[in-house]
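Novice: here's a sequence, model it:
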Amino acid sequence: MADHHQPLLPRAASDAVSTATPLTTVALRWANLALLITIQVLNKYSSAGKIGHGAIGEISRRHPNFLVPAPWAFSIWGLIYAFLTLFALAQALFPIPAVDAAVGTVFLANALFSLSWLFLFSYEYIALSTFAIAGMWITALHIVMRLPRTSYVSWLEYLTYQLGLRLYAAWLTGATVVAIYAATTDRDAKYVPAAVVGAVAVAGLDAWIAVTYDDLVFVGVGFWTLVANYARNRGVPVLGPLVLVLAAGVGAVAAWIGWTRWTRRVAL
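Specialist: So this is what the prediction gives:
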């Protein structure tokens with residue numbers, strides 16, 4: 001059956017990705033929305049300790065490491081899920097071909113990785129869950145890299161169709177590194193040097209992706225994560241001060257990207 005949905009917003013003529021692939025159908029869009037809602041419901045059950053060996057927070061505390069941020073950092077999931085749901089609903093009702101082409105079946109694969117992680121982590125298969133969260137990050141980043149550049153879209157379209165995906169991929173950048181350390185280290189002082197390397201990796205990845213794709217979201221989420229890590233590890237020698245410096249560095253990258261955007265706008 002032909003898809004007669006029209007885009008909510010007009011596409012820019014310069015948009016390089018302008019047509020949907022044959023696999024992007026109405027059924028797939030609604031399947032993405034249904035899977036996203038399912039994941040959120042199961043997360044609620046897991047957070048209440050009704051799946052596996054306890055609540056996700058409890059399991060995380062049983063596998064501590066120096067890269068886990070302060071608990072308040074995880075409140076960002078409320079924002080991520082809100083904008084992801086907005087994206088999935090808008091794409092189902094008012095699809096944009098360029099977004100369809102970027103998402104394809106990859107969001108479906110991401111949802112399957114997410115469900116796998118939920119059950120593996122809840123039953124404390126920590127090492128295996130690391131592979132699942134890495135799959136979540138790779139698929140989310142793949143989608144973000146294929147989305148229309150932010151300079152090609154309006155603010156309304158960006159907030160509706162892109163922000164949730166970008167927040168999600170940005171958070172998973174740090175979360176994947178944290179998961180690796182949860183599977184291989186603990187809070188023994190001998191792991192502080194390894195944690196320093198991990199913190200540098202998180203800051204470096206966020207800054208590199210942000211600069212490469214002109215994306216403030218990655219440095220914004222990176223700053224949030226590093227500040228939360230400092231809040232938990234401020235008393236840890238070397239690591240605490242370094243994380244604070246890294247947060248300042250990521251903040252400087254954000255300021256630089258913002259400045260270059262403003263100067264380009266003024267030049268036009």
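
Novice: where does the chain dip in pLDDT?
Specialist: 1-24, 151, 265-268 (pLDDT under 70).

Novice: now the helices for it?
Specialist: 26-47, 56-62, 76-93, 97-103, 106-122, 126-146, 155-157, 163-184, 192-212, 216-233, 239-267 (DSSP state H).

Novice: got the contact list for the third one?
Specialist: Applying Cβ atoms under 8 Å, 6 or more residues apart in numbering, the set of residues contacting helix 76-93 from outside is 5, 8, 26, 29-30, 32-33, 36-37, 40, 99-100, 103, 159-165, 167-168, 171, 221, 224. Where C-beta positions appear, they are placed from N, C-alpha and C, glycine not excepted.

Novice: swap in stretch 232-252?
Specialist: Applying Cβ under 8 Å, 6+ apart, the contact partners of stretch 232-252 are 66, 68-70, 192-193, 195-196, 199-200, 202-203, 206-207, 219, 222-223, 226-227, 229-230.

Novice: residues of that stretch that come out buried?
Specialist: Of all the residues in stretch 232-252, those buried under the rule 16 or more other Cβ atoms under 10 Å are 232-233, 236, 239-240, 242-244, 246-247, 249-251.

Novice: quick one: distance of it to the chain centre.
Specialist: 21 Å (Cα atoms, centre = their mean, to the nearest Å).

Novice: including distance to Ile126, could the buried residues of stretch 232-252 go into TSV?
Specialist: Shown next, in TSV, are the buried residues of stretch 232-252 (distance: Cβ to Cβ, whole Å):
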residue	distance to Ile126
Arg232	19
Asn233	21
Val236	22
Leu239	22
Gly240	25
Leu242	26
Val243	23
Leu244	28
Leu246	26
Ala247	27
Gly249	30
Val250	28
Gly251	32
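
Novice: now, which of these sits nearest Trp137?
Specialist: Using Cβ to Cβ, Val250 is the member of the buried residues of stretch 232-252 that lies nearest Trp137, at 17.9 Å.

Novice: output stretch 139-153 as PDB, nothing but the C-alphas.
Specialist: Provided in PDB are the C-alpha atoms of stretch 139-153 (Å, rounded to 0.1, in the frame of the first residue of the first chain):
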ATOM      1  CA  THR A 139      23.200   1.800  16.100                       C
ATOM      2  CA  ALA A 140      22.100   5.100  17.700                       C
ATOM      3  CA  LEU A 141      25.200   6.900  16.500                       C
ATOM      4  CA  HIS A 142      24.700   5.400  13.000                       C
ATOM      5  CA  ILE A 143      21.300   7.000  12.900                       C
ATOM      6  CA  VAL A 144      22.500  10.400  14.100                       C
ATOM      7  CA  MET A 145      25.300  10.400  11.600                       C
ATOM      8  CA  ARG A 146      22.800  10.000   8.800                       C
ATOM      9  CA  LEU A 147      20.300  12.600  10.000                       C
ATOM     10  CA  PRO A 148      20.000  15.900   8.000                       C
ATOM     11  CA  ARG A 149      22.600  18.400   9.200                       C
ATOM     12  CA  THR A 150      21.000  20.700  11.800                       C
ATOM     13  CA  SER A 151      21.700  23.800   9.600                       C
ATOM     14  CA  TYR A 152      19.300  22.300   7.100                       C
ATOM     15  CA  VAL A 153      16.200  22.000   9.400                       C
END
